[in-house]
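# need a structure here:
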Amino acid sequence: MIAFLTRTRQKGRMDLTDWLAWGWAILGTLVVAIPVGWAVISSLKTEAEINSFPPALVPRAAQTITIEGQSKPLSVWIRKAPDGSEQTVALVRRIGLAATVLDPAKPQETFRVPVSELSQLKEFHLQWSNYTEPLKQFNFLRYLWNTVFVTVVATALTLFLNSLTAFALSKYRFAGRNAVFALILSTMMIPLSVIMVPAFMVIVGLNLADNLWGVILSTVSTPTGVFLLRQYMLTIPDDLIEAARVDAASEFRIYWRIVLPLCAPALAVLAIFSVIWRWNDFLWPLIVLSSPDNYTLQIGLNSLQGQFNVQWHYILAMTVVTLLPVTVVFLFLQKYITEGVASSGVK
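Here you go, the predicted structure:
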């Protein structure tokens, strides 16, 4: 691995191409990794820390102290007096530009100071409740199950239907084959906003509104999947299929036992794309689904955003949770991506 990463075009030294390649790779990595890393770090911050400015890189929380006679722990502050002396105080309450504080060594005595003299003490703190509280307050496990169900079923149907279509368009000769393929590709240029209303009317007519199957069935056939698989199947020799027909293999058996195994890299690429599409889909489930019990994760995250309050600490934590399954799928299937995409463009 080290030898692969350190290889150069010219043995023993790096030329301009190597520097540009490394610069582009590092820049691309930072562009992708920094927002994700910031979301992970912020998901472990308290709500007050997320809304504070300037933002802190390390998750922190205000130091607190328990004072006898006070109903709740008080935050600890450093008071810098006009004469330059510093004093550790606990904040009792704040009204406008004045704050009522007390000396922890003399908790019976309170006094008022300007807010400008105070600076809050903070310590390193990981707010793990950001991950546990939404599971208690909201039905996120139900949202997770709905999303997994939609993703798995839709991906399986996408692979099956698109591979059948690609098999017919690549290995059968019939009048209008190229026209059908061109018509399928032309649908890629139609935005969702154009077909949204007709598609929803079809879903309502099939009595699939507010049903997970309404989300699944309307998106199982994709022109991208048909194109990807057809181009890959064109690389499979026709002699192999003719030999199977001579051995009395049925057309479905040829498709199932010969063509599909040979298309494993392209199927893996399409599976990754399909999982990402379904897992991150927001607009179509938002249109079709109306009952909270049928919400997917993306709609569930949106429900945390109220009209007057946005619970960013919960949103960020649950966003990190939603990233994990897609990341795991990508890590397991990433070795097929280059091979599948490259082979799909070669006839």
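
# please count neighbours and contacts with C-alpha atoms only from this point.
Noted.

# where does pLDDT dip in this structure?
Confidence mapping of the chain against pLDDT under 70 gives the ranges 1-10, 12, 306-308, 335-347.

# switch the cut-off to 50
Residue ranges of the chain with pLDDT under 50: 345-347.

# could you count how many residues lie near residue 331?
For residue 331, the count of nearby residues is 11 (other Cα atoms under 10 Å).

# packing partners for the helix or strand harbouring it?
Using DSSP states H and E, residue 331 falls within helix 312-333. Where contact means 3 or more Cα pairs under 8 Å, 6 or more residues apart in numbering; DSSP states H and E, helix 312-333 is packed against helix 16-42, helix 47-51, helix 129-137, helix 264-280, helix 297-303.

# and that helix, C-alpha only, in PDB?
Provided in PDB are the C-alpha atoms of helix 312-333 (Å, rounded to 0.1, in the frame of the first residue of the first chain):
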ATOM      1  CA  TRP A 312     -29.500  21.200  15.800                       C
ATOM      2  CA  HIS A 313     -27.800  19.000  18.400                       C
ATOM      3  CA  TYR A 314     -30.400  16.200  17.700                       C
ATOM      4  CA  ILE A 315     -30.400  16.800  13.900                       C
ATOM      5  CA  LEU A 316     -26.600  16.500  13.700                       C
ATOM      6  CA  ALA A 317     -26.500  13.400  15.800                       C
ATOM      7  CA  MET A 318     -29.200  11.600  13.800                       C
ATOM      8  CA  THR A 319     -27.500  12.800  10.600                       C
ATOM      9  CA  VAL A 320     -24.400  11.000  11.700                       C
ATOM     10  CA  VAL A 321     -26.400   7.900  12.400                       C
ATOM     11  CA  THR A 322     -27.900   8.000   8.900                       C
ATOM     12  CA  LEU A 323     -24.500   8.300   7.400                       C
ATOM     13  CA  LEU A 324     -23.200   5.000   8.900                       C
ATOM     14  CA  PRO A 325     -25.200   2.400   6.800                       C
ATOM     15  CA  VAL A 326     -24.400   4.100   3.500                       C
ATOM     16  CA  THR A 327     -20.700   4.300   4.500                       C
ATOM     17  CA  VAL A 328     -20.600   0.600   5.400                       C
ATOM     18  CA  VAL A 329     -22.200  -0.400   2.100                       C
ATOM     19  CA  PHE A 330     -19.700   1.700   0.200                       C
ATOM     20  CA  LEU A 331     -16.700   0.300   2.100                       C
ATOM     21  CA  PHE A 332     -17.800  -3.300   1.300                       C
ATOM     22  CA  LEU A 333     -18.600  -2.600  -2.400                       C
END
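
# buried set for it?
Across helix 312-333, burial judged by 16 or more other Cα atoms under 10 Å covers 312, 313, 314, 315, 316, 317, 318, 319, 320, 322, 326, 330.

# my guess is residue 295 contacts residue 146, does it?
Yes - when contacts are counted by Cα atoms under 8 Å, residue 295 is listed as touching residue 146 (6.9 Å).

# the more surrounded of the two?
Per other Cα under 10 Å, whichever of residue 295 and residue 146 has more neighbours is residue 295, with 27 against 17.

# next, the angle from the helix holding residue 331 to helix 129-137.
For helix 312-333 against helix 129-137, the angle by axes from the mean of the first three to the mean of the last three Cα atoms, to 10 degrees is 100 degrees.

# tilt between helix 312-333 and helix 16-42?
Helix 312-333 runs at 140 degrees relative to helix 16-42, counting by the same axes, to 10 degrees.

# contact partners of helix 312-333?
Residues from elsewhere that reach helix 312-333 (Cα atoms under 8 Å, 6 or more residues apart in numbering): 39-40, 42-47, 50, 130-131, 134, 268-269, 272, 275-276, 279, 297, 301, 304.

# before we move on, the earlier item: mean neighbour count and distance to residue 160 for the helices and strands packed on helix 312-333 - can I get that in TSV?
Below are the helices and strands packed on helix 312-333 laid out as TSV (neighbours: other Cα atoms under 10 Å; distance: least, Cα to Cα, whole Å):
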stretch	mean neighbour count	distance to residue 160
helix 16-42	13	32
helix 47-51	16	45
helix 129-137	15	35
helix 264-280	22	10
helix 297-303	20	25
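
# which one of those helices lies closest to residue 98?
Smallest distance to residue 98 across these (Cα to Cα): 20.2 Å, for helix 47-51.
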